[in-house]
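> My questions concern the predicted model and sequence given below.
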Amino acid sequence: MALAVTRVILRCENAQETQELDLSECQLMQVPDAVYHLMRHTELKSCDLSGNVITKIPPKFTVKFSLITDLNLSNNQMAKLPDELCTLACLQRLDISRNTFVALPAIAFQCPSLHTLLAHHNQIIEVDVDRLARSRALEYVDLSDNPIPPRTHEQLKQLSRPSISISERQKEDWEEDLIL
């Protein structure tokens, strides 16, 4: 435990120089309050929280790190994001891959600068295709390795913008082959 705390403190100190906070693989269940304190005079540009056991991001994260452009939340245990994340006006890249999302988060359509969303390897079955198509900022969305339903899968393949990456659909055992 003491080693993990030391690692977090050292990485916070490093981020004060680089403006890039790397808290990946730190066994975190949440972003510790001490991190907000240590980073209070630093304008973070990127934050890597991947490879932890985080289940949620608190709303204060967006207040403390309002200028962030790159947020990596991959390899955690998150199923949703706080609505406040859409207040991150500078956020350009968001990685939520390898979590437990069942729906593509609404933040994807609301962040004004978000152009890349990585959401592969989740449990996503719900995607608001219309809102995705109307999104002004999004350029690339990776939805590969998600159990996207057939109808949604077809709609996503029809989109010209944003560019969508989806896995080829495997027919389920119960699905009959359609004879045309």
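That came in fine, so what should we check first?

> same for the lowest-mean-pLDDT helix or strand in the chain, what does it pack against?
The helix or strand with the lowest mean pLDDT-type score in the chain, counting by mean pLDDT, DSSP states H and E, is helix 107-110 (a mean of 86). With contacts defined as 3 or more CB pairs under 8 Å, 6 or more residues apart in numbering; DSSP states H and E, helix 107-110 has these neighbours: helix 129-134. All C-beta spots, glycine's among them, are computed from the backbone N, C-alpha and C.

> Identify each buried residue in stretch 104-121, please.
Using 16 or more other CB atoms under 10 Å as the burial criterion, the residues of stretch 104-121 that qualify are 104-105, 107-111, 114-121.

> Mean confidence (pLDDT) on stretch 117-133, please.
Stretch 117-133 shows a mean pLDDT of 96 in the predicted model.

> ok, now stretch 70-87?
Per-residue pLDDT over stretch 70-87 has a mean of 95.

> ditto for stretch 16-30
Averaged over stretch 16-30, pLDDT sits at 95.

> Identify all contacting residues around that stretch.
Counting by CB atoms under 8 Å, 6 or more residues apart in numbering, stretch 16-30 makes contact with 4, 7-8, 11-12, 14-15, 31, 35, 38-39, 41-56, 58, 72, all of which sit outside it.

> buried stuff in that stretch?
Counting neighbours by 16+ other CB under 10 Å, stretch 16-30 gives Q19, L21, D22, L23, S24, C26, L28 as buried.

> Show me which of those residues is closest to N76.
Checking these against N76 with CB to CB, the nearest one is L28 at 8.8 Å.

> The closest one and L44: what is the separation?
Between L28 and L44 the distance, using CB to CB, to the nearest Å, works out to 16 Å.

> Export the longest helix belonging to the chain to PDB, keeping only CA atoms.
If each helix of the chain is counted by residues according to DSSP state H, the longest one is helix 2-18. Listed in PDB are the C-alpha atoms of helix 2-18, where the atom choice follows Å, rounded to 0.1, in the frame of the first residue of the first chain:
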ATOM      1  CA  ALA A   2       2.800   2.500   1.000                       C
ATOM      2  CA  LEU A   3       4.500   1.700  -2.300                       C
ATOM      3  CA  ALA A   4       1.400   2.500  -4.300                       C
ATOM      4  CA  VAL A   5       0.900   5.800  -2.500                       C
ATOM      5  CA  THR A   6       4.600   6.700  -3.100                       C
ATOM      6  CA  ARG A   7       4.100   5.900  -6.800                       C
ATOM      7  CA  VAL A   8       1.100   8.200  -7.000                       C
ATOM      8  CA  ILE A   9       2.900  11.100  -5.300                       C
ATOM      9  CA  LEU A  10       6.000  10.700  -7.600                       C
ATOM     10  CA  ARG A  11       3.800  10.600 -10.700                       C
ATOM     11  CA  CYS A  12       1.900  13.700  -9.500                       C
ATOM     12  CA  GLU A  13       5.300  15.500  -9.000                       C
ATOM     13  CA  ASN A  14       6.400  14.500 -12.500                       C
ATOM     14  CA  ALA A  15       3.100  15.700 -13.900                       C
ATOM     15  CA  GLN A  16       3.700  19.200 -12.500                       C
ATOM     16  CA  GLU A  17       6.600  19.400 -14.900                       C
ATOM     17  CA  THR A  18       5.100  17.600 -18.000                       C
END
